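Student: have a look at this prediction, sequence included:
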Amino acid sequence: MAARGRCPECGSQALVEDAHYAQQQLVCAACGCVLAEGLLTTTYTDEEHLREVAYSQSTGQKEQLSRCLQRGIRRVQDLCKVLQLPAAFEETAVSYFQRALQLPAFHLVSLEKKELLGGCCVFVTCRQHRWPLTMGTVCSLLYARQELFAGVFLSLQRELGLSVPALGLAELVTTHLSSFRLLQPSASVPAPFLEDRAKLLARTLAVVELASETWLVTGRHPMPVVTAAAFLAWQSLRPGPRLSCPLARFCRLAGVDLPPPAHLRLKELLEILLGMASQLPWLRGFALDKRTVVKHLGDLLQHRLFLLKNAFSQLDGEEQQDTAPGQGSLGQGSPSSPPLAQEGCPSAGKRQRGGTLRPLLPPCLIHPRKRPCPAAPSAPDSATTGDEPISDSEIEQYLRSPEEIRAFRKAKAW
């Protein structure tokens, strides 16, 4: 049906009324421009109350997402696909991102922080579902600095009031070992160095539990301990060709960073193992050292509780009573010669054959840090009593009212 008027786009007079899904529209036949549209109802409630809704409103045109929100949601979805997370995780992370962008705290932040906000939402979701994911993994995928990512993560947690549980040591071990290149055949990894994922994970978890029971984890960063435990577990599963491989090469072949304190944690673990090996009857005939003790790691872990009980002591009251005053020998914990200060064991002592037990204590008690001595107190005659005279330069700090200040200046001028 032809209509009068001209099209504002092309100037044509070929305007027709077209019924589009039972809705009358005025359309230009030359260019297809929609000049006017009718009204339609979208729900049964609107039809019952004879309410009509415009077509542009019925399609939700006014609810289109902003470009920043669209990019953020797409980034969250891509990150979930890369990490192979379940669909429920993706929905939760997207909802956190949408809630965060509605808060004023994230409106005026930099573009870099807004890009990290999606990664923080994924990180929070994984932590809440006990999914093993570390902050370093997310930062490596987003090419972000961990300090900046941690700041955005804390802001998100504070603004949304989220409860984020800490990542357990077992989950951390699982996540760290999942990125090892030694678990998959590769041209850069020799065949004797390849290892089964399940065997390496089980042995590493056992070594980490041993480190936790011997105070090697308390108050320390867990990654050096996990790296050293994974290295010992990997060597013990096939010690023949692997004992000659150093820790640095192991990390390089595995494709992970070598934390600087990992060598110290490895030394401490080996000393613990040597102390436990001295209690195994079938190993007393061998001259074990820090290199060969790794061959017997499976036996040491299997009898871990018995060996720790026999090789180390907690230095309880009964042992202190057995030592007579002034007759304490090395390793008996006498007041005159503390064993921890004389021996160099970092976390525990070994039971010497025919000797006595030495205590199993945290490293901070065995090697305490030397702190500067506090200044000596002043003599009693020079102590502050409160009756000292106040100098002219300090008296203004004790005056409060303007009248007192004017009176003081007047008296000073007089």
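Tutor: Structure received. Residues are numbered from 1 along each chain as shown.

Student: how far away is the closest residue in space to F89 that isn't next to it in sequence from T227?
Tutor: Spatial nearest neighbour of F89, excluding adjacent residues (CB to CB, 6 or more residues apart in numbering): T125 at 5.1 Å. Glycine gets a C-beta too; all of them are placed from N, C-alpha and C. Remark: distance between T125 and T227 (CB to CB, to the nearest Å) = 27 Å.

Student: what pLDDT does the model give the residue nearest to F89?
Tutor: Per-residue pLDDT puts T125 at 93.

Student: same question for Y143.
Tutor: For Y143, the predicted pLDDT is 90.

Student: which residues sit in contact with it?
Tutor: By CB atoms under 8 Å, 6 or more residues apart in numbering, the contact list for Y143 is empty.

Student: likewise R291?
Tutor: L243.

Student: so, low pLDDT: which residues of the stretch 51-200 of the chain?
Tutor: Within the stretch 51-200 of the chain, the stretches with pLDDT under 70 are 51-65.

Student: what ranges do the strands span in it?
Tutor: For the stretch 51-200 of the chain, strands defined by DSSP state E, counting those that start in this stretch occupy the ranges 53-54.

Student: and the helices in it?
Tutor: 55-58, 67-82, 87-101, 111-128, 135-142, 146-160, 169-178, 197-213 (DSSP state H, counting those that start in this stretch).

Student: what's in contact with the last one?
Tutor: In this case it means helix 197-213. So helix 197-213 is in contact with 169-170, 173-174, 177, 180, 182-183, 217-218, 225-226, 229-230, 232-234, 236-237, 265, 269, 272, 297-298, 301, 304, 308, going by CB under 8 Å, 6+ apart.

Student: again, only using 6 Å
Tutor: With contact meaning CB atoms under 6 Å, 6 or more residues apart in numbering, helix 197-213 is reached by V173, L177, L183, V217, V225, A229, A230, L232, A233, L237, L301, R304.

Student: tell me the spacing between the residue nearest to F89 and E159.
Tutor: 16 Å.

Student: residues contacting R6?
Tutor: Q13.

Student: just say helix, strand or coil for it.
Tutor: coil (DSSP: H, G, I helix; E, B strand; the rest coil).

Student: before we move on, what about the one 4 residues further on?
Tutor: For C10, the reduced secondary structure class is coil; criterion used: three-state DSSP.

Student: quick check: closest non-adjacent residue to it.
Tutor: C31 (4.5 Å).

Student: quick one: neighbours of the nearest residue to R238 once chain neighbours are set aside, just the number.
Tutor: Take R238 and drop its neighbours on the chain: the residue closest to it by CB to CB, 6+ apart is P192, 6.6 Å away. By the measure other CB atoms under 10 Å, the count of residues near P192 is 11.

Student: surely P192 touches R242?
Tutor: No. Judged on CB atoms under 6 Å, P192 makes no contact with R242 at a distance of 7.0 Å.

Student: by how many degrees do the helix or strand harbouring V225 and helix 135-142 diverge?
Tutor: Secondary structure from DSSP states H and E places V225 in helix 222-237. Using axes from the mean of the first three to the mean of the last three CA atoms, to 10 degrees, one finds that helix 222-237 and helix 135-142 are set 90 degrees apart in direction.

Student: show the average pLDDT along helix 222-237.
Tutor: For helix 222-237, the per-residue pLDDT averages 92.

Student: which strands and helices sit next to it?
Tutor: helix 169-178, helix 197-213, helix 262-277 (3 or more CB pairs under 6 Å, 6 or more residues apart in numbering; DSSP states H and E).

Student: for A187, find the nearest of these.
Tutor: When the helices and strands packed on helix 222-237 are compared by CB to CB, helix 197-213 sits nearest A187, at 19.3 Å.

Student: would you mind listing the buried residues in the closest one?
Tutor: Neighbour-count burial for helix 197-213 flags L200, L201, R203, T204, L205, A206, V207, V208, E209, L210, A211 (criterion: 16 or more other CB atoms under 10 Å).

Student: pLDDT value on the last one, please?
Tutor: Taken from the predicted model, the pLDDT recorded for A211 is 90.

Student: can you check the fourth one too?
Tutor: Here the pLDDT value assigned to T204 is 93.

Student: contacts for stretch 94-101, please.
Tutor: Stretch 94-101 is contacted by residues L69, G72, I73, V76, F106, L117, G118, C121, L156 when judged by CB under 6 Å, 6+ apart.

Student: how about a cut-off of 10 Å?
Tutor: 65-66, 68-69, 72-77, 80, 106-107, 114, 117-122, 124-125, 128, 152, 155-156, 159-160, 162 (CB atoms under 10 Å, 6 or more residues apart in numbering).
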